[in-house]
Each structure stands twice: as structure tokens, then as C-alpha cells.
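Asks: Using only what follows, build the 3D model:
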Amino acid sequence: MGFHPPLSLWERDGVRVGLNPQRATGFQGFPSATVADGMAQNETVVTVISKISERPLNLEAALVVIYGLELGRKYDLAQEETLIGRSSKAEIQVDQESISRNHASVSNTSRGVFIKDLESTNGTFVNDEAVEGEVQLRNGDLVKIGRTIFKFIAGGNIEAAYHDEIYRLTTMDGLTQIYNRRYFEEALEREVSRSRRYERSLSLVMFDVDHFKQVNDRYGHLAGDHVLKQLASTLKTKLRREDVFARYGGEEFGLLLPEVDPEGARRLAEKVRRLVEKQHFEFDKNVIPVTVSLGVAMLEPEHRDSLGLKRAADGKLYEAKAAGRNRVCS
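Replies: Residues are numbered from 1 along each chain as shown. Reported below is the predicted structural model:
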């Protein structure tokens, strides 16, 4: 039986190194240094190992486009650094005028996933807060770069999270985070059938932002997006759970009110008008005056289907705009 010298260990700069004449698993996952078979006992082969703190955690993470070009596309953040910008060299290339060539970078490190703005013209935002220095991303964070909004997803089952987000995109508007037109139209048909079956009231309010094109032309499309998002966030907390609030398209919104009679719907529409008129809209140090015009209609026997109710509400909306805007017509 051969001679086996005792195992010796030392630590230098946080790195453990062991000497062992046999090839065996090292302590705490580190490979042991070995004495080669057939070599003299004083000849030692030392395996160089890295510090445990330098080893990446290999966190599964991705950015999913929830508003903008290539809606629903998933960008895996598998490498240490991912560049976002208009440049053809960017791993996430977004060809929009509001985005700088090298706009932002995302780092996947052992400490977590971080985003950094690269001195872009229009800035990088996480949950509507401007990124200064490095900001750590948390699962579910919304990242806004130019007019594009990404949702950050991370965790053990990223594919399941991605499929959940894709399903969510079929019902929600990525910019305003309220229901989209597709969901609204399905809800409208459902509530019309329910209202007639149980002989209950159903009201519909359609409204849009007055002179919204002028907002875009004067302050830019980023400002226009900001107005729509702030308007939606201002109103959605003032509604009942059973009300269906949606972005119908562009600057137009719909509000479906089950079991609300015409007078109740008109009062709510007037409340919406006042809330928007009094709300402080500011973007890039510019105060933007915003008002809305609203049309109110109730489901009547002569309405053959949901389209008839929609046309009635649209007709009242056009009356409000023709009468000078910033008013309710019913």
C-alpha cells in the first residue's frame, strides 16, 4: 500500500487550494490539486480555480415587448451585457427616432440584472422613473425606451411567464395598462346579451382627448404617450370593479357601465371630464392642457346588437365635439 501524505489546505485571496494524491472531488465544489500517478511525491499539479463570487448565477431573464414594434417578441438576457438602441450592433435593435443609437445596456451579473442608460437623448425609464446610474430590475418591471415598453420577466420558469404575458397582451393595452379594443368589444357583446336576458340597464360612454394631434405635433409623440398613460391611470382607480375601461384606439377610450342608468352614466361622464380637466399633465418640463369630450348612450330596444349601442355613443361623442369639446352629451 503506497504512502499517502496528509491533505493540506491553504487559502489565498479567498481561494482554497488542496493537495491530494488522488483525483477526488474537492471541498465545497472546488477541484483538488493532485499528485500525478507515477510521479515523485514532491511533484504537484495545481488546478487554477476562480473565486466563487466571480461565478455567474446564470439567472434566466428576458425582456418582452408589450408596446411598440414587434409586439410580443421576447429577448433573452443570456449574455453578460445586452445593448439596446438603433445601432445595427445592438442585440436589441429598435428602429425609432426617439431611441439613441446606443441607448441603454442590461447586465446579467451574479448580483442580479441591472439596466443603465447610456446618456441617451430621451432617457430610459423603469416603472416611469428615470434611470440614473445602474438600476436593478425586478420581475414584472416595465422598461420604457423611446416609445417602446418592455416587461422584464425572470425566474425559474421563464417560458411559462412568457406565455402568460402573451395571453395578457391579447386583452390589455401595453401603453396604458387598461383593456384593449379586442377585449372591450367582446365585453360589450357579452354585457348586451346579459342586459337583455335579465332586463337590466347598460350604459356606454365613449370619449377621446381633445385636439390630441396638436399635443403630438407640439410636444412630440413621447409626450402624447405620456398623456394617454397618465389619463388612464388617473381614471381607472375611480371606477367600479365591474366597469370595463379600455383604450379603444389612438386617443379614444370606452367605458362600459353594467346596471347603470342614463342619469348615473351622465354623472360619471361629467366626473371623468372634471378629473381630466383638473389633472396636471407635464412632460419634459412642459405643462400640457388636456380635456376630453364624452358621449353617453344607454342600451335601447331599437339597438339590434352591441354595434347599435356603440353607434349611439359615438353619435353623442360627435355632438360633444361639434358643440365645442370639453363637454358631455347624452
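Asks: To what extent is Arg111 buried, counted in neighbours?
Replies: Burial measure for Arg111: 12 neighbouring residues, criterion other Cβ atoms under 10 Å. No exception for glycine: its C-beta is placed from N, CA and C like everyone else's.
Asks: Run through the residues that contact the residue lying closest to it once chain neighbours are set aside.
Replies: Take Arg111 and drop its neighbours on the chain: the residue closest to it by Cβ to Cβ, 6 or more residues apart in numbering is Gln136, 7.8 Å away. Contacts for Gln136 (Cβ atoms under 8 Å, 6 or more residues apart in numbering) come out as 111-114.
Asks: got those residues as a markdown table, with secondary structure, pLDDT and distance to Val296 columns?
Replies: Formatted as a markdown table, the entries for the contacts of Gln136 read as follows, by DSSP: H, G, I helix; E, B strand; the rest coil; pLDDT from 0 to 100; distance: Cβ to Cβ, whole Å:
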| residue | secondary structure | pLDDT | distance to Val296 |
| --- | --- | --- | --- |
| Arg111 | coil | 91 | 54 |
| Gly112 | strand | 94 | 49 |
| Val113 | strand | 96 | 47 |
| Phe114 | strand | 97 | 48 |
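Asks: Just say helix, strand or coil for Arg266.
Replies: helix (DSSP: H, G, I helix; E, B strand; the rest coil).
Asks: gap between it and Pro301?
Replies: Arg266 is 20 Å from Pro301, where distance means Cβ to Cβ, to the nearest Å.
Asks: Same question for Phe253.
Replies: Relative to Pro301, Phe253 is positioned 27 Å away (criterion: Cβ to Cβ).
Asks: Please, where are all the strands along the stretch 1-150 of the chain?
Replies: Secondary structure of the stretch 1-150 of the chain, counting by DSSP state E, counting those that start in this stretch: strands at 8-12, 15-20, 33-34, 61-67, 74-76, 81-85, 92-93, 104-109, 112-117, 124-126, 129-130, 134-136, 142-145, 148-154.
Asks: residues near the closest residue to Gly249 other than its chain neighbours, how many?
Replies: Taking Cβ to Cβ, 6+ apart, and ignoring the residues beside it in sequence, Gly249 has Arg181 as its nearest neighbour in space, at 5.7 Å. Summarising burial for Arg181: neighbours were counted as other Cβ under 10 Å, giving 14.
Asks: what's the helix or strand for Thr185?
Replies: Rather than Thr, residue 185 is Glu. helix 181-198 (DSSP states H and E).
Asks: elements contacting that helix?
Replies: Contacts defined by 3 or more Cβ pairs under 8 Å, 6 or more residues apart in numbering; DSSP states H and E place helix 181-198 against strand 202-209, strand 244-249, strand 252-258, helix 306-322.
Asks: tell me the most buried of the ones you listed?
Replies: strand 202-209 (a mean of 25; mean count of other Cβ atoms under 10 Å).
Asks: that older thread, the helix holding Glu185: which residues count as buried?
Replies: Applying a neighbour-count criterion of 16 or more other Cβ atoms under 10 Å, the buried positions in helix 181-198 are 183-185, 187-188, 191-192, 195.
Asks: Report the backbone C-alpha coordinates of that helix in PDB.
Replies: What follows is the C-alpha trace of helix 181-198 in PDB, where atoms were taken according to Å, rounded to 0.1, in the frame of the first residue of the first chain:
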ATOM      1  CA  ARG A 181     -60.200  47.200 -28.100                       C
ATOM      2  CA  ARG A 182     -60.500  43.400 -28.600                       C
ATOM      3  CA  TYR A 183     -61.400  42.700 -25.000                       C
ATOM      4  CA  PHE A 184     -63.700  45.700 -24.900                       C
ATOM      5  CA  GLU A 185     -65.700  44.600 -27.900                       C
ATOM      6  CA  GLU A 186     -66.100  41.100 -26.500                       C
ATOM      7  CA  ALA A 187     -67.200  42.500 -23.200                       C
ATOM      8  CA  LEU A 188     -69.700  44.800 -25.000                       C
ATOM      9  CA  GLU A 189     -71.300  41.900 -26.700                       C
ATOM     10  CA  ARG A 190     -71.400  39.900 -23.500                       C
ATOM     11  CA  GLU A 191     -73.000  42.700 -21.500                       C
ATOM     12  CA  VAL A 192     -75.600  43.500 -24.200                       C
ATOM     13  CA  SER A 193     -76.700  39.800 -24.100                       C
ATOM     14  CA  ARG A 194     -76.800  39.800 -20.300                       C
ATOM     15  CA  SER A 195     -78.600  43.100 -20.100                       C
ATOM     16  CA  ARG A 196     -81.400  41.800 -22.400                       C
ATOM     17  CA  ARG A 197     -81.600  38.400 -20.700                       C
ATOM     18  CA  TYR A 198     -82.100  39.900 -17.200                       C
END
